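The amino acid sequence is not available; the structure is as follows:
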């Protein structure tokens, strides 16, 4: 194959002589499901879409996945495979009057013996009432709904719509799949891209799993008509890296904070710093991260390292004094400290257990011997009677019961044999022995 930067090649003349009338992404749109790159988990012979087509029945579907992975293309090809009329709308630009017209046209089409595959892009942008409007037309077979969303349908779509659809997850394209797409683009353009291997890989990484974005980048590079291939550094100077997909109120937000939290819990400072950086790069509020990092210290380190909370609060205060971007380094230090700290959720587990007991035992009063008696009436009722002042007891420990009368003594806090909680285990054992000795 000739090089695109070689302007003497016939392929270059074909690609650039008069300019392509259609974008490269449109020219390379697959004409059959077998041509779709990626999504093999759906399209392999045992995949749900293949099984559905083989059975001759196409149910309503919601495609959930990032941009540029083939949601629209697959929907169009499904209509082609099942001989359904394909009609596409976008929830961003379609209101109730337009929907009524779409449903009426589908009804007339059905009376004439042909079904309709209605593809709804950004379906999560329809409100509850608009989503409910699809239900009767799905139930009577007027339309087969195929929705596309980049947001988690569990949160964004009505339960009634979800119950009538199969949710299929589309995945971002991996580098081998982007390479295959690059090769198809080169075949269409008539030559190889003027890029060294490292630059070629970098170009594909810039697309961030988005096939459409990759084809746009390929088209830009091809239009430069270079005489020598570029290396990665030169390519980076000419092209801006695509912004990472991140929505501070959407799935990416919750997925990344979950990844950060679990990396800290898993004692992996490198992974924790990576997800921390990903969130900052996506525009996350550092104060939100500071709060969540402090919560990690409470939940996952606890008393195994009591200093962890102080470190987080100090780093948070440092961020407030320095501001961005210098203050983020302090938060990164807190992340690193937490990842390497000994882990214990014993206090967290104990707290939740105590909360359950408090709910179950209702309004049981404390035993009277630990109640104050500021009035004579309360003294006559036995308040404070029999209380042993611990400081007067041997070893500063009376061993009295502090739970409601008649309640079996529970055990909530069970420290782990890590970090400072080893000392807590020793103390618990010491007081347990004294309590048994003194009949408490």
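Received it, and whenever you're ready, just let me know what you need. Quick caveat: nothing in here was measured; it's all calculated off a predicted structure.

isn't residue 264 right up against residue 338?
Yes. Applying Cβ atoms under 8 Å, one finds residue 264 in contact with residue 338, separated by 4.9 Å. In short, each C-beta sits where N, CA and C put it, glycine included.

With neighbour numbers in mind, choose between the two.
residue 264 (31 against 27; other Cβ atoms under 10 Å).

residue contacts, that one?
Neighbour list for residue 264: 272, 293, 296, 300, 335, 338, 339 [criterion: Cβ atoms under 8 Å, 6 or more residues apart in numbering].

if I look at residue 219, how far off is residue 171?
24 Å (Cβ to Cβ, to the nearest Å).

part of a helix, is residue 62?
No. Assigned with DSSP: H, G, I helix; E, B strand; the rest coil, residue 62 falls outside any helix and is strand.

Can you report how many residues neighbour the closest residue to residue 267 other than its chain neighbours?
Take residue 267 and drop its neighbours on the chain: the residue closest to it by Cβ to Cβ, 6 or more residues apart in numbering is residue 339, 5.7 Å away. With neighbours defined by other Cβ under 10 Å, the count for residue 339 comes to 24.

Let me see the contact set for residue 339.
By Cβ under 8 Å, 6+ apart, the contact list for residue 339 reads 263, 264, 267, 268, 269, 272.

circling back to that earlier point, common neighbours of residue 264 and residue 338, please.
Contact criterion Cβ under 8 Å, 6+ apart; residues bridging residue 264 and residue 338 by contacting each: 272, 293, 296, 300.

out of those, which are inside strands?
When DSSP state E defines the strands, the subset of the shared contacts of residue 264 and residue 338 inside them is empty.

With respect to residue 157, which of the residues you listed is nearest?
Ranked by distance to residue 157 (Cβ to Cβ), the shared contacts of residue 264 and residue 338 are led by residue 296 at 31.6 Å.

What number of residues are in the vicinity of the closest one?
Other residues within reach of residue 296 by the criterion other Cβ under 10 Å amount to 23.

Could you verify my assumption that it touches residue 261?
Yes. The pair residue 296 and residue 261 passes the contact test of Cβ under 8 Å, sitting 5.8 Å apart.

how close does residue 114 sit to residue 143?
For residue 114, the distance to residue 143 equals 12 Å [Cβ to Cβ].

typed the wrong thing, it's residue 111
Distance from residue 111 to residue 143, counting by Cβ to Cβ: 14 Å.

Show me which of those two is the more surrounded one.
In this view residue 111 and residue 143 are compared by other Cβ under 10 Å, and residue 143 has more residues nearby, 24 against 9.

At the geometric centre of the chain, which residue sits there?
Nearest residue to the geometric centre of the chain (Cα atoms, centre = their mean): residue 255, 2.3 Å.

State the helix or strand in which it lies.
Remark: residue 255 resides in helix 251-265, with elements defined by DSSP states H and E.

give the contact list for residue 32.
Contacts for residue 32 were tallied using Cβ under 8 Å, 6+ apart; they are 77, 80.

Need the pLDDT of it.
At residue 32, the model reports a pLDDT of 93.

now do residue 128
Value for residue 128, per-residue pLDDT: 88.

Tell me how many other residues surround the closest residue to residue 36 other than its chain neighbours.
Nearest residue to residue 36 in three dimensions, chain neighbours excluded: residue 30, at 5.0 Å (Cβ to Cβ, 6+ apart). The number of residues packed around residue 30, counting by other Cβ under 10 Å, is 15.

List the contacts of stretch 342-361.
265, 267, 298-305, 404, 407, 410, 412-416, 418-421.

again, but for stretch 110-118
For stretch 110-118, the surrounding residues in contact (Cβ under 8 Å, 6+ apart) are 58, 75, 78-79, 82-87, 89, 102, 105-106, 109, 141-146.

What is the burial count for the nearest residue to residue 25 once chain neighbours are set aside?
In space, and not counting its chain neighbours, residue 25 is closest to residue 215: 4.3 Å by Cβ to Cβ, 6+ apart. The local packing of residue 215 (other Cβ under 10 Å) involves 24 other residues.

and residue 215, that one's in a helix?
Yes. If the criterion is three-state DSSP, then residue 215 is within a helix.

Now do the same contact list for it.
Under the contact definition (Cβ under 8 Å, 6+ apart), the residues listed for residue 215 are 23, 24, 25, 28, 181, 185.

pretty sure the fifth one contacts residue 173?
Yes. Residue 181 sits in contact with residue 173 when judged by Cβ under 8 Å, with a separation of 7.1 Å.

Now for these two: what residues contact both?
Looking at what touches both residue 181 and residue 173 (by Cβ under 8 Å, 6+ apart), the common residues are 37, 211, 214.

between the residues you listed, which has the most around it?
Counting by other Cβ under 10 Å, top hit in the shared contacts of residue 181 and residue 173: residue 214 with 27 neighbours.

so what's that one up against?
Contacts were defined as Cβ under 8 Å, 6+ apart; by that measure residue 214 touches 68, 173, 178, 181, 182, 185, 203, 204, 206, 207.

what's in contact with the helix or strand hosting the third one?
This means residue 178. The secondary structure element spanning residue 178 is helix 175-189 (assigned by DSSP H and E). Residues lying outside helix 175-189 but in contact with it, judged by Cβ under 8 Å, 6+ apart, are 1, 4, 11, 15, 24, 27-28, 37-38, 173, 192-193, 200-201, 203-205, 207, 209, 211, 214-215, 218-219, 222.

Mind giving me the PyMOL command for buried ones among those residues?
The command below creates a PyMOL selection of those among the contacts of helix 175-189 that count as buried (16 or more other Cβ atoms under 10 Å):
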select buried, resi 4+11+15+24+28+37+38+173+192+193+200+203+204+207+209+211+214+215+218+219+222
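
In strands only, show me the contacts of helix 175-189.
Reading strands off those, I find no matches (DSSP E).
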